[in-house]
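Engineer: The sequence and its predicted three-dimensional model are supplied below.
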Amino acid sequence: MATRRTADPGKTRAAVLALAGWLRDDTAPDPDRSELAEAVRLTARTLAAAAPGSSVEVRIPPFVAVQCISGPVHRRGNPPNVVETDPRTWLLLATGLLSVDDAAAGGALRLSGARAGEVANWLPLVPLDTQAHNFG
């Protein structure tokens, strides 16, 4: 069995803060792909560490997919509970700048399965609202 990669909280926060301007302003230039990938992977791994388990699969293509939230273990085939979104929407969710309900209602977040919505209980992972004074 492969070991799970974990995310260092300091590195995760730094990776997200490096993209805070872009997350707050959708007209800002897109970040470097490697910076975006790092922030997405680290926040997804933070979710997996905070909500250990294998009942929900969170997919943020093309960068990462993690399993999280305790409950029935899924091993083969299509998982019964899936959360999928694009990298920017994921980071907006992970920072608390967008709610799961709003993202799902707008079509940017796809939730399938009875337990997929439970991911909302673990967000935000790196709140930016407490850092607002740093990003005028």
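Structural biologist: Cool, got the structure.

Engineer: My read is that residue 72 contacts residue 56, right?
Structural biologist: No: the pair residue 72 and residue 56 fails to qualify as a contact (CB atoms under 8 Å) at a distance of 10.2 Å. All C-beta spots, glycine's among them, are computed from the backbone N, C-alpha and C.

Engineer: next helix or strand past the biggest helix by length in the chain?
Structural biologist: Counting residues, the longest helix found in the chain (DSSP state H) is helix 33-50. Once the chain leaves helix 33-50, the next helix or strand it forms, by DSSP states H and E, is strand 56-60.

Engineer: List the strands paired with that following strand, with their directions.
Structural biologist: strand 64-68 (antiparallel), strand 82-85 (parallel) (DSSP bridges).

Engineer: Now render those strands as CSV, adding mean pLDDT and mean neighbour count.
Structural biologist: Formatted as CSV, the strands paired with strand 56-60 follow (pLDDT from 0 to 100; neighbours: other CB atoms under 10 Å):
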stretch, mean pLDDT, mean neighbour count
strand 64-68, 96, 20
strand 82-85, 98, 22
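
Engineer: would you turn these into TSV with distance to residue 100?
Structural biologist: Shown next, in TSV, are those (distance: least, CB to CB, whole Å):
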stretch	distance to residue 100
strand 64-68	14
strand 82-85	9
